[in-house]
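Undergrad: Quick one: sequence plus predicted model below, questions after.
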Amino acid sequence: MEEVAALRSLRDRPFDLLRELDRRARIAAQGKPEAPASGAEWVGIAFQLGGEAYLLARDETREVMGYPASVTRVPGAKSWVRGLCNLRGQLMPVVDLRAFLGSGNATVTRATRVLVANHREVPAGLLVDGVMGFRRFYESEFSADLPPTLLRCERYLAGAFRRGAEVWPVFSMRSLLESQPFLQAAAS
């Protein structure tokens, strides 16, 4: 009965009510006894790349969009640069992330998405196999240990979140965009 009374006390505060319902649903989904949150919450975008799942910090991504209808090839660019697209009046390079990492070219399907970087100096859209939505973790679930990946992209990882048997590598868009191999997009 205490739980119902606690929810009723939040009746006039809808945001707090939703937050409490969300917290309870997460605990129920994990099958763990109800416990207070341990640390601040971290929110990221889960995406698929080459059969693996990764996370990208929400603040490193400006938006998620479908593959543009028109992408213009850039002469003299490396093969992993798909081309340029017009994003609301701004030119943005579209980069095939799998090809950049040396794992073959991505096939554009209905699930294919472009993660638009939130970076002041390097505009870019990263082509990924699919986006699975937001994932929330507590900072206490973070580990700086880099998990092995099939795509061999450890140099662009910033750790991982671990929840039970699941391991979610955190891909650092900033590390990628500021790396020398990425900035040297002109074919030799």
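TA: Good, I have the coordinates. Residues are numbered from 1 along each chain as shown.

Undergrad: Relative to Ser70, how far out is the residue most central in space within the chain?
TA: The C-alpha lying nearest the average C-alpha coordinate of the chain belongs to Leu56 (Cα atoms, centre = their mean; 2.8 Å). Distance from Leu56 to Ser70, counting by Cβ to Cβ, to the nearest Å: 25 Å. Where C-beta positions appear, they are placed from N, C-alpha and C, glycine not excepted.

Undergrad: quick one: the residue nearest to the centre of the chain is in a helix?
TA: No - counting by DSSP: H, G, I helix; E, B strand; the rest coil, Leu56 is located in no helix; its state is strand.

Undergrad: And for it, nearest residue in space, chain neighbours not counted?
TA: The shortest distance from Leu56 to any non-neighbouring residue, by Cβ to Cβ, 6 or more residues apart in numbering, is to Ile45 (4.8 Å).

Undergrad: ok, and what's touching the strand or helix carrying that neighbour?
TA: Ile45 belongs to strand 41-49 when assigned by DSSP states H and E. Outside of strand 41-49, the residues within contact range by Cβ atoms under 8 Å, 6 or more residues apart in numbering are 53-58, 61, 64, 97-98, 113, 115, 128-139, 142, 151, 161, 168, 170-171.

Undergrad: Out of these, which sit inside strands?
TA: The strands, defined by DSSP state E, take in 53-57, 61, 64, 113, 115, 128, 130-138, 142, 161, 168, 170-171 from these.

Undergrad: that older thread, each with direction, which strands does the strand holding Ile45 pair with?
TA: strand 52-57 (antiparallel), strand 130-138 (antiparallel) (DSSP bridges).

Undergrad: mind checking which of these is nearest Leu10?
TA: strand 130-138 (19.8 Å; Cβ to Cβ).

Undergrad: Please report the distance of Ala46 from Phe137.
TA: On the measure of Cβ to Cβ, Ala46 and Phe137 end up 11 Å apart.

Undergrad: between these two, who's got more neighbours?
TA: Phe137 (19 against 15; other Cβ atoms under 10 Å).

Undergrad: buried ones in the longest helix that the chain contains?
TA: Looking across the chain with DSSP state H, the single longest helix is helix 14-30. Judged by neighbour count using 16 or more other Cβ atoms under 10 Å, the buried positions of helix 14-30 are Leu17, Glu20.

Undergrad: No further questions, thank you.
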